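Asks: Structure for this input, please:
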Amino acid sequence: MKSNHGFRPSELEAIRERGLSEQLHQWNDIVRRGIPKIRNPSISQRLNQSIPIVYSSVTAYFRSRDMTLEGNSILKLLTEFKSISDSGLEQYISKIEFFMLGLISATKSLQIAPAARERRDG
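Replies: Below you'll find the model as predicted:
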């Protein structure tokens, strides 16, 4: 049986309809790998406070048909972490950053497609 990663079948169907299946697969891979171990307590504490916000924002976006993605806010937070991190964390942050750029791009194309259909049909 295929894992649904905590999403209801109706949510998975909505994700497929929106054309975000590949992004969901990438996101689940990032989540499955988890947060790397950080030796610096201050960085670790900040990461443990901030990464759940990123996770919940992305997951909520996938779950909702109407929610807008706060991608630029997330990218700003990730950039802040990259500037204070070691190489292990920097790799992890870069993966999330790359994912977010792809999701933002996919989201923009989703917003353009309905508008183009409306112009064509209307």
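
Asks: How many neighbouring residues does Ser83 have?
Replies: Residues near Ser83, counting by other Cβ atoms under 10 Å, number 9. The way it works is simple: take the backbone N, C-alpha and C, and place the C-beta from them, glycine included.

Asks: same question, Lys95
Replies: Look at Lys95: counted by other Cβ under 10 Å, it has 15 neighbours.

Asks: ok, now which ones touch it?
Replies: Lys95 makes contact with Ile30, according to Cβ atoms under 8 Å, 6 or more residues apart in numbering.

Asks: Name the helix or strand for it, please.
Replies: Element membership of Lys95, judged by DSSP states H and E, is helix 87-121.

Asks: tell me the centre residue of the chain?
Replies: Geometric centre of the chain, nearest residue: Val58, 4.1 Å, by Cα atoms, centre = their mean.

Asks: for the nearest residue to that one once chain neighbours are set aside, helix, strand, or coil?
Replies: With sequence-adjacent residues excluded and distances taken as Cβ to Cβ, 6 or more residues apart in numbering, Val58 is closest to Trp27, at 5.9 Å. Secondary structure for Trp27, judged by DSSP: H, G, I helix; E, B strand; the rest coil, is helix.

Asks: again with the one 3 residues further on
Replies: In the three-state summary, Ile30 is assigned as helix, counting by three-state DSSP.

Asks: what's around it, how many residues?
Replies: Residues lying near Ile30 (other Cβ under 10 Å) number 17.
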